[in-house]
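J.: next input, structure requested:
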Amino acid sequence: MERPSLEINLPDTHEEGKLYVVDSLNNLNKLNVCPDRSQHSLDEEETTGGTGENTAGSNIRNQCLFFVTFILTLIISLALVSFVIFLIIQTRNKMDQLSSRLISEKKTIEELKKMNDMILKHLNQSGIKE
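T.: A predicted model of the protein is given here:
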């Protein structure tokens with residue numbers, strides 16, 4: 001699809017009128033070319049007169065946003081590290097409990113083996129064999 005050209009045939013006007021028409025065409029072209037978000041920044045630039053007030057405010061806003069994002073990232077990282085340390089401590093406690101259980105079970109098994117050996121010796125001495 002072809003776009004119609006923006007040719008406007010105007011009668012002879014004063015220089016001020018010509019500048020107004022050109023400015024209006026430029027604004028119309030900006031509306032057709034720029035997306036909505038950038039148009040908002042263009043409007044702000046026109047209202048500030050292009051003095052740089054908008055860029056200074058935007059720069060401060062960006063720095064503040066960066067600072068807030070940085071602080072939130074640090075807080076989240078601290079929370080995750082704390083949770084990992086908590087899990088490590090809990091796992092170590094559970095492993096200590098399991099190892100103490102295994103040691104006590106090992107002692108019990110050794111005692112049972114000794115009793116079994118004593119019973120077998122007693123049976124061998126009394127002459128009863130299986």
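
J.: and Ser100, how far is that from Ile71?
T.: 44 Å (C-beta to C-beta, to the nearest Å). All C-beta atoms are positioned from the backbone trio N, CA, C, and that covers glycine.

J.: next helix or strand past the lowest-mean-pLDDT helix or strand in the chain?
T.: The helix or strand of the chain with the lowest confidence, counting by mean pLDDT, DSSP states H and E, is helix 36-48 at a mean of 54. Following helix 36-48 in sequence order, the next helix or strand is helix 53-126 (DSSP states H and E).

J.: any idea of the mean pLDDT for that following helix?
T.: The average of the pLDDT scores along helix 53-126 is 93.

J.: check which helices and strands that helix sits against.
T.: In terms of contacts (3 or more C-beta pairs under 8 Å, 6 or more residues apart in numbering; DSSP states H and E), helix 53-126 is packed against helix 36-48.

J.: what comes up buried for stretch 64-74?
T.: By neighbour count on 16 or more other C-beta atoms under 10 Å, the buried set for stretch 64-74 is empty.

J.: alpha carbons of it, as PDB, please.
T.: Extracted in PDB, the C-alpha atoms of stretch 64-74 (Å, rounded to 0.1, in the frame of the first residue of the first chain):
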ATOM      1  CA  CYS A  64      17.500   6.400  41.300                       C
ATOM      2  CA  LEU A  65      16.000   3.400  39.500                       C
ATOM      3  CA  PHE A  66      19.400   1.800  39.300                       C
ATOM      4  CA  PHE A  67      20.100   2.400  43.000                       C
ATOM      5  CA  VAL A  68      16.700   0.900  44.000                       C
ATOM      6  CA  THR A  69      17.300  -2.100  41.800                       C
ATOM      7  CA  PHE A  70      20.800  -2.600  43.200                       C
ATOM      8  CA  ILE A  71      19.500  -2.500  46.800                       C
ATOM      9  CA  LEU A  72      16.700  -4.900  46.000                       C
ATOM     10  CA  THR A  73      19.200  -7.300  44.300                       C
ATOM     11  CA  LEU A  74      21.400  -7.100  47.400                       C
END
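
J.: which residues sit against it?
T.: Residues outside stretch 64-74 that contact it (C-beta atoms under 8 Å, 6 or more residues apart in numbering): none.
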